[in-house]
Structure formats: C-alpha cells, structure tokens
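1. Attaching a predicted model along with its sequence, questions to come.
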Amino acid sequence: MTVLKYGIRRPLARYVRENPPYEVRSSHIQGQGVFAIRPIRKGTRVIEYVGDIIDSDEEDRRYDDAYMDRHHTFLFRLDEDHTIDAAVGGNDAMFINHSCEPNCEALDDDGRIFIFAKRSIRPGEELTYDYQFDVDPPITRSDVLRYPCFCGTDTCRGTILNVSQRKLASLKLWPRERIFKAVAAKKKRRR
Ligand SMILES: [Zn+2]
C-alpha cells in the first residue's frame, strides 16, 4: 500500500528529493562522498546534477588548469561547449565520487543530468559513477597524473579520464601501479 501511495499518487522523484536515500560524509576515495542510508533500487533516479551552466570561455575564466585541479571534479561536461559548474549552485550530487566500477550512472534526460542507480545499492555503500573525464586531446602523461583514480576496484584504470589501457600503456602508465607511483613521486617533489 505504501508503495502505491508513493509510486502512483506522488511522483517518485519528489519523494526521493524530499527524503534523500543518502548522506554526505568523508570518503576513502577522495574528500567527501555520498553514501546510501537506505536500500536504493536499481533504476532509481537518485539526484539531479545541478549547477551553473557555463560555456567553455567562462569555464576558462573561472578555472585555471594549473592550480584549480580539484575544482575540475565539480564540473560536469554537457557537450563540447557547455559544462555544469556545481561549485556554483550545486547540490549533493557534486560530492558523488568517481569509480571505475560504479553503482550509478549519469544520464541525460532532455538536457538535464540525473544520477541513476545502475544496480541495487545497500545502505552504507558509497554512490559512484564513472566521470569519463575528457581533456583536450592528445592526452598526455601529465593529464593522467593530474587526474588519478583511487577507487580501489579490481578494474580501476588508475585515472578518472576517459582513456583506454592501450593509450595508458603507450604513455608508460599501465599497469595502473605505474600511475600511483608517478603520482606519489610528484607529491614528494612538491613537498
Ligand atoms: Zn578507479
């Protein structure tokens, strides 16, 4: 009966919005993460990725590659010219971390981006989707080292970039341990 009440008389999206099945807390992947606090069924539209929609000129104005690396992960690329900047007017979706083996996926619904559950998710699990981050080609070694991945899954490709193993191998960054080693060395040099 409860199911019918929410499923038919009120839109599910509104119920999810008013009673989020997740909370934001610190994550072992990176910074803050979003974690399920109730079971989330496969196919659930969990949250909309919102923020300021900006063009590439504005993106360049706001973010200098050299020193705003972390903030790039609050950007969601819509198409070649448009990006959602969740650092301005964003919601909890901006805290969802990347994973190479994610339990959610970001889907475009008529120009709006929603995070859907790719499979059933248990309470306590961190919500993730694959960022498939794109940078201006050709992808270089320093691009990969700027965006490493620490999702810890068996199929981790070592970076949040949308890049093949073959390409990583050509940059001498595969197997993924080579990425982690190079990132650690880079950090050490900075200290
Ligand atoms: Zn990974």
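-> The structure has been received and is ready for your questions.

2. Can you list the strands that the host helix or strand of V24 pairs with?
-> Here V24, judged by DSSP states H and E, is contained in strand 22-26. Strand 22-26 pairs in its sheet with strand 32-36 (antiparallel), by DSSP bridges.

3. on that earlier part again, can you tell me what sits against the strand holding V24?
-> Strand 22-26 is touched from outside by Q32, G33, V34, F35, A36, I37, I40, V46, I47, D92, F95, L127, with contacts defined as Cβ atoms under 8 Å, 6 or more residues apart in numbering. Every C-beta, even on glycine, is put in place using the N, C-alpha and C of the backbone.

4. Retrieve the pLDDT associated with the last one.
-> Spelled out, that is L127. In this model, L127 is scored at 98, pLDDT.

5. how about it, what does it touch?
-> L127 neighbours (Cβ under 8 Å, 6+ apart): Y22, G33, V34, F35, A36, I40, V46, I96, N103, C104, I115, I121.

6. Contact residues of this protein facing the ion?
-> C100, C149, C151, C156 (Cβ under 5 Å from the ion).

7. Could you give the number of residues near the first one?
-> In this case it means C100. Using other Cβ atoms under 10 Å, C100 is surrounded by 19 other residues.

8. Work out for me the element it sits within.
-> Counting by DSSP H and E, C100 is part of no helix or strand.

9. Excluding chain neighbours, what is closest to it?
-> Nearest residue to C100 in three dimensions, chain neighbours excluded: C156, at 4.6 Å (Cβ to Cβ, 6 or more residues apart in numbering).

10. pretty sure the one you found is touching T128, no?
-> No. Between C156 and T128 there is no contact under Cβ atoms under 8 Å: 11.5 Å.
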